[in-house]
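A.B. asks: no FASTA, just this:
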């Protein structure tokens, strides 16, 4: 990070961007959408490294969301 700081400062000066907040950052909608960690959704995640890095990153975020959510449950299942 320390090595990249001069490049970051130069870029911020060139784009007239603030040093305290990255106004120019663009985050893919795939990384912003909520993920419902159902069995089906978890099973459909594609976690292969043979895909574009941004697609893999979005699915990894979904996978970790499922892990953090705890047990994957069927919606409306009795006892939950």
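C.D. replies: Nice, thanks for sending it over. Just so it is clear, the structure is predicted and the values come from calculations on it, not from any experiment. Numbers count the residues shown, from 1 in each chain.

A.B. asks: check contacts around residue 18.
C.D. replies: residue 12 (C-beta atoms under 8 Å, 6 or more residues apart in numbering). C-beta: built from backbone N, CA, C; applies to glycine.

A.B. asks: next one: residue 37
C.D. replies: 62, 65, 66, 69, 72.

A.B. asks: ok, now how distant is it from residue 54?
C.D. replies: Distance, residue 37 to residue 54, using C-beta to C-beta, to the nearest Å: 21 Å.

A.B. asks: Now do the phi/psi pair for residue 47.
C.D. replies: phi -110, psi 30 (degrees, to the nearest 10).

A.B. asks: That one and residue 26: what is the separation?
C.D. replies: 24 Å.

A.B. asks: Compare those two (neighbour count), which wins?
C.D. replies: Neighbours were counted for residue 47 and for residue 26 using other C-beta atoms under 10 Å; residue 47 has more, 10 against 5.

A.B. asks: Touching, the more buried one and residue 60? I think so.
C.D. replies: Yes: taking C-beta atoms under 8 Å as the definition, residue 47 is a contact partner of residue 60 at 6.7 Å.

A.B. asks: residues contacting residue 58?
C.D. replies: Counting by C-beta under 8 Å, 6+ apart, residue 58 makes contact with 28, 30, 31.

A.B. asks: brain fart, residue 28
C.D. replies: Contacts for residue 28 (C-beta under 8 Å, 6+ apart) come out as 54, 58.

A.B. asks: pLDDT score for it?
C.D. replies: Residue 28 carries a pLDDT value of 87.

A.B. asks: Got phi/psi on it?
C.D. replies: phi -60, psi 140.

A.B. asks: the longest helix in this structure is where?
C.D. replies: If you go by DSSP state H, the chain has its longest helix at helix 53-69.

A.B. asks: quick one: average pLDDT of it?
C.D. replies: Across helix 53-69, the average pLDDT comes to 92.

A.B. asks: re earlier: so which of the contacts of residue 37 wins on neighbours?
C.D. replies: residue 62 (23 neighbours).

A.B. asks: For the closest residue to that residue other than its chain neighbours, give me its contacts.
C.D. replies: Nearest residue to residue 62, sequence neighbours excluded (C-beta to C-beta, 6 or more residues apart in numbering): residue 35, at 4.3 Å. Residue 35 sits next to 41, 61, 62, 65, 66 when contact means C-beta under 8 Å, 6+ apart.

A.B. asks: No more questions from me, cheers.
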